[in-house]
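Asker: my questions concern the predicted model and sequence given below.
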Amino acid sequence: MQFANSLVVLDFETTGLSPAQGDRAIEIGAVRLVNGEVVDEFQGLMNPGFRVSGFIENYTGISNSMLVDAPSCEEVMQQFADFIGDDHLLAHNASFDKKFLDAELANIGRDYSGTFFCSLLTSRRIFQTAINHQLSTLVKHINIPPTGQYHRALFDAQMTAQLWLAILADIRDRYGIDQLSFAQLAKLQKTAKKDVDKLLQNMIYH
DNA sequence: TGCCAGGCCCTCTTTAGGGCCTT
């Protein structure tokens, strides 16, 4: 059984919501979690080749003047593909970050072999009483003092990593499960909320 | 010209609609 001991936790800032509509990445931030600790990190601004909107400048704090001298998406994503290696991946609302990772890596003819996991889907199942499941709300929910600026890629990746560790700690505290396999995590994030308790109870014995 | 994401998930559901999340 392959335990989920190593993951790359990543977050993109982008020019918009959809690469299919022409949006590009403008920043990637990531940390590598190994055995519950952050052992490495990656951060890079990238020039998408066109001006970003005022909305995105305000939302992210990343201005056009910060991007004009930044390396290209292609250059940064080459480095990031090397950083990912063969690790599995995690993001908050992974469907969003996966769209951009797939699009940006396709641009440079690169790929990745790992599976994407989602802290949003998992937190909806484990922290069912949270007011909502935005990253910032969940960080408050788990009593982690935020020490940076949300909507910047590295900080959001760092907070997502802390959220993930809190999810694993909650599972350990409530069910006595010390380690979950990638297959078990995949099953958990697809299980209906009402069935999560039974699923984890059963995992104790398998 | 006008429009513009998309996957998940709940429910007053499944012959559907709308809120939540991400930028």
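Answerer: Happy to help now that I have it.

Asker: hey, what's the one residue sitting closest to the centre of chain A bridged with?
Answerer: Among the residues of chain A, the one closest to the centroid is A:Ala91, at 1.7 Å (Cα atoms, centre = their mean). Taking DSSP bridges as the rule, A:Ala91 bridges to A:Cys118.

Asker: these two touch, right, it and A:Leu7?
Answerer: No: between A:Ala91 and A:Leu7 there is no contact under Cβ atoms under 8 Å: 10.2 Å. Every C-beta, even on glycine, is put in place using the N, C-alpha and C of the backbone.

Asker: secondary structure class for the spatially closest residue to A:Phe100 that is not a sequence neighbour?
Answerer: Once flanking residues are discounted, A:Phe100 sits nearest to A:Phe12: 4.7 Å by Cβ to Cβ, 6 or more residues apart in numbering. A:Phe12 falls in the strand class when you classify it by DSSP: H, G, I helix; E, B strand; the rest coil.

Asker: likewise for the one 5 residues further on?
Answerer: In terms of secondary structure, A:Leu17 is coil; the call rests on three-state DSSP.

Asker: neighbours of it, how many?
Answerer: 11 (other Cβ atoms under 10 Å).

Asker: try A:Gln79
Answerer: 12.

Asker: for A:Ser53, same thing?
Answerer: 12.

Asker: from DNA strand B, how far off is it?
Answerer: In this view, A:Ser53 and DNA strand B are 9 Å apart by Cβ to the nearest atom of the strand, to the nearest Å.

Asker: thank you, goodbye.
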